[in-house]
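1. Next one to model:
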Amino acid sequence: MGLYPELWAGGMGGVVVADWVSQYEDEPEAMRGYDMALIGGTLEEKRGAYVKSSPLTYVEKLKAPLLIIQGRNDVRDPRRQVELYEAKAKKLGKLCQWSGLTLVTQARDWTSRWRSHTMRPCSAGYSAFWARRMPPGLPNAH
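-> Next up, the predicted model:
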């Protein structure tokens, strides 16, 4: 949304990477291999590539409202990187909202717990965010 802001009327993201630098710094060592494969090296080796690949780098170009739903306790995509993005966006006067969920991962029937504790609140959050921001006259605006 920051690279091509003119293409977006709004955006929603769930479990996003908003800043590759703080993502790499905060995630467990075991998860860093994925980042290194995507970026082409460690943060120390390729800091410029991590910065260039980060949506945080382009937040000043953001024009459309953005809703991010992210786990408060997700170690794979730590929350600090989303908090940094939201803070910078708001400081710049952008409409960006981060909604944190507590992820339930230790359950006998994990799939149904995931749906009931994570997906339903996400759907409700998305709907409420956009219901307040859709221009009048669009389908499902009310």
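
2. Would it be right to say that Q70 lies in a strand?
-> Yes: applying DSSP: H, G, I helix; E, B strand; the rest coil, one finds Q70 inside a strand.

3. for it, what are its contacts?
-> 14-16, 77, 79, 82, 98-101 (Cβ atoms under 8 Å, 6 or more residues apart in numbering). Backbone N, C-alpha and C define where each C-beta goes, glycine included.

4. mind running it again at 7 Å?
-> For Q70, the contacting residues are 15-16, 77, 79, 82, 98, 100, by Cβ atoms under 7 Å, 6 or more residues apart in numbering.

5. Measure how buried the residue lying closest to M31 once chain neighbours are set aside is and give me the count.
-> Leaving aside its chain neighbours, M31 sits nearest to R76 (5.8 Å; criterion: Cβ to Cβ, 6 or more residues apart in numbering). Around R76 there are 14 other residues, counting by other Cβ atoms under 10 Å.

6. same thing with F129?
-> Neighbours of F129 (other Cβ under 10 Å): 19.

7. For this structure, just list every one of the strands.
-> 11-14, 66-71, 96-101 (DSSP state E).

8. Which one, of these, ends up nearest to A49?
-> strand 11-14 (21.4 Å; Cβ to Cβ).

9. ok, that closest one: who's next to it in the sheet?
-> Partners of strand 11-14 in the sheet, by DSSP bridges, are strand 66-71 (parallel).

10. roughly how far out does the strand it pairs with sit from the chain middle?
-> Relative to the mean C-alpha coordinate of its chain, strand 66-71 is positioned 5 Å out (Cα atoms, centre = their mean, to the nearest Å).

11. Now do it, average pLDDT.
-> Taken as a whole, strand 66-71 has an average pLDDT of 85.

12. Okay, now the unreliable bits of this structure?
-> 102-125, 134-142 (pLDDT under 70).

13. For the strands of the chain, give me TSV that also has distance to A30.
-> Below are those laid out as TSV (distance: least, Cβ to Cβ, whole Å):
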stretch	distance to A30
strand 11-14	22
strand 66-71	17
strand 96-101	23
